[in-house]
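Peer 1: sequence unknown, structure follows:
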């Protein structure tokens, strides 16, 4: 059935999330193109600091929070039946579908369906249910199964869902989803290959990168004025995967030779006390500023004053890994030469020696060496910045990627083949 205006349900873990602008960019892109989008979230996010798109598009008015599902089967069934009794009157047909144990094969599945049905009550059916992480794919499948016969399920794999989550629950965890999902996306080729290794049909998954709005990140050719301190920046959550401990140690190695460095860390998280102590132990508190989590406007203001960006991502102890992270794309779009690591999907974004440098994970010495090279070769900054901006504009243009996402949705709904070679090339990274 041919669709002109699509109704799309996004399924996420937390909403709103300041650290997930890539999801907001897709939502805004669909709304701007005349499609309807609702957001289904398992948990409430932080509303004290929100991305401008949340307010601009009044996204909280489009957000519905799913009922938590108890782990124990007796509690799950009891809680589900309680919801059924209290909300049956809102949409009796929908609740009858959720009770179809024969179709869904188990009481456990019926319990999940009963906890999902209230969010869909009295709503017009969706054309697409798009789970934004593999871990939300299971809840997305329930929303799809409770919807109209034509509803399609799309699942995107983005990072922890295909690394630490698989390490925790086993290599077969996504097999049921691969068998029943309609199509899958990965935000880099590194993760696409991993999804295929876990059992996904290679013809049902392509790379679809997370886009950014380059117009929001003005390019500035970096240069160094006389007597100006060299400012280095990192943006990211203060968690193990971001590897910030190693960039702090690298700054410690450079401090005696370059006493006028400034290192700006934008972000917050559970490792902040550890980093504060490490900074004190290394004697570099006068060089390092922990800015905490900042809205996009303040983040851009800080980066505008900086000369070099470092993203020292590592594989965490629980297996968690990064794709080509958006903060790197934003820094490159702004003309910052970058230093990052040979980690996950990052080599698909940073061209070693062209837009920046890549070093091994957890290697503070190598980070310090590459940072020192850039410190001493400011003449290389403009060319590296230009190369980074051009690569991001070509491969991560939000508008192009959103157009391609709509095309993918429409092909699925029209039962048209998705040409792997052409579409994967156009959607790659």
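Peer 2: That came in fine, so what should we check first? It should be emphasised that the depicted structure is a prediction, and the values quoted were computed from it without experimental measurement. Numbering: from 1, shown residues only.
Peer 1: In this structure residue 118 contacts residue 79, no?
Peer 2: No: applying CB atoms under 8 Å, one finds residue 118 not in contact with residue 79, separated by 11.5 Å. (Glycine included, C-beta is placed from N, CA and C.)
Peer 1: Can you check which residues contact both of the two?
Peer 2: residue 67 (CB atoms under 8 Å, 6 or more residues apart in numbering).
Peer 1: residues touching residue 264, list them.
Peer 2: With CB under 8 Å, 6+ apart as the criterion, the residues that contact residue 264 are 231-234, 288-289, 291, 302, 306.
Peer 1: hmm, I was thinking of residue 142
Peer 2: 112-113, 116.
Peer 1: go on, residue 329?
Peer 2: Residue 329 neighbours (CB under 8 Å, 6+ apart): 210, 212, 349, 392, 396.
Peer 1: Tell me if it really is in a strand.
Peer 2: No: the assignment for residue 329, made by DSSP: H, G, I helix; E, B strand; the rest coil, is helix rather than a strand.
Peer 1: For it, report the pLDDT, please.
Peer 2: On pLDDT, residue 329 comes in at 96.
Peer 1: go on, the one 5 residues further on?
Peer 2: With respect to pLDDT, residue 334 scores 98.
Peer 1: What lies in contact with stretch 11-18?
Peer 2: Under CB under 8 Å, 6+ apart, the answer for stretch 11-18 is 20, 23-24, 39-47, 49-51, 54, 59-60, 63, 129-133, 135-136, 139-140, 143, 293, 295.
Peer 1: Among these, which lie within helices?
Peer 2: 23-24, 54, 139-140, 143 (DSSP state H).
Peer 1: Closest one of the contacts of residue 329 to residue 418?
Peer 2: Of all the contacts of residue 329, the one with the least separation from residue 418 (CB to CB) is residue 210, at 19.6 Å.
Peer 1: ok, the spatially closest residue to that closest one that is not a sequence neighbour - contacts?
Peer 2: Counting by CB to CB, 6 or more residues apart in numbering, the nearest residue to residue 210 once its immediate chain neighbours are dropped is residue 22, at 3.6 Å. Listed by CB under 8 Å, 6+ apart, the contact partners of residue 22 are 158, 187, 210-212, 326.
Peer 1: can you check residue 54 too?
Peer 2: Counted by CB under 8 Å, 6+ apart, residue 54 has contacts 16, 24, 60.
Peer 1: picking that back up, just the buried members of the contacts of residue 264?
Peer 2: 231-234, 288-289, 302, 306 (16 or more other CB atoms under 10 Å).
Peer 1: Please list the members of those residues that lie in helices.
Peer 2: residue 302.
Peer 1: Would you reformat the buried ones among the contacts of residue 264 as CSV and include pLDDT and distance to residue 251?
Peer 2: Below are the buried ones among the contacts of residue 264 laid out as CSV (pLDDT from 0 to 100; distance: CB to CB, whole Å):
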residue, pLDDT, distance to residue 251
231, 98, 12
232, 98, 7
233, 98, 12
234, 98, 10
288, 98, 6
289, 98, 11
302, 97, 16
306, 98, 13
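Peer 1: hang on, the earlier thing: derive a ChimeraX selection command for the buried subset of the contacts of residue 54.
Peer 2: Provided next is the ChimeraX selection string for whichever of these are buried by 16+ other CB under 10 Å:
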select :16,24
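Peer 1: Just name the closest of the contacts of residue 54 to residue 151, please.
Peer 2: Among the contacts of residue 54, residue 24 lies closest to residue 151 (CB to CB), at 23.1 Å.
Peer 1: Distance of the closest one relative to residue 17?
Peer 2: Distance of residue 24 to residue 17, computed by CB to CB, to the nearest Å: 9 Å.
Peer 1: In terms of pLDDT, where does residue 217 sit?
Peer 2: 95.
Peer 1: Quick one: residues contacting it.
Peer 2: 300, 330, 333-334.
Peer 1: Mind jotting down where the strands sit in the stretch 101-250 of the chain?
Peer 2: 128-131, 152-157, 183-186, 205-207, 231-235 (DSSP state E, counting those that start in this stretch).
Peer 1: Of the ones you listed, which stretch is the most buried?
Peer 2: Highest mean neighbour count among the strands of the stretch 101-250 of the chain (mean count of other CB atoms under 10 Å): strand 128-131, with a mean of 30.
Peer 1: Would you mind pulling the contact partners of that strand?
Peer 2: With CB under 8 Å, 6+ apart as the criterion, strand 128-131 contacts 6-11, 137, 139-141, 143-144, 147, 151-156, 409, 412-413.
Peer 1: what do you get if the cut-off is 7 Å, keeping everything else the same?
Peer 2: Strand 128-131 is touched from outside by 6, 8-11, 137, 140, 143-144, 147, 151-155, 409, with contacts defined as CB atoms under 7 Å, 6 or more residues apart in numbering.
Peer 1: who does that strand pair up with?
Peer 2: Strand 128-131 has the following sheet partners, assigned by DSSP bridges: strand 7-15 (parallel), strand 152-157 (parallel).
Peer 1: Show me the two of the contacts of residue 217 that sit farthest apart.
Peer 2: The span of the contacts of residue 217, defined through CB to CB, is set by 300 and 333 at 10.5 Å.
Peer 1: where does the closest residue to residue 342 other than its chain neighbours fall, phi/psi-wise?
Peer 2: Spatial nearest neighbour of residue 342, excluding adjacent residues (CB to CB, 6+ apart): residue 358 at 5.0 Å. When read as degrees, to the nearest 10, the backbone of residue 358 gives phi -120, psi 140.
Peer 1: per-residue pLDDT, residue 358?
Peer 2: Residue 358 is given a pLDDT of 98.
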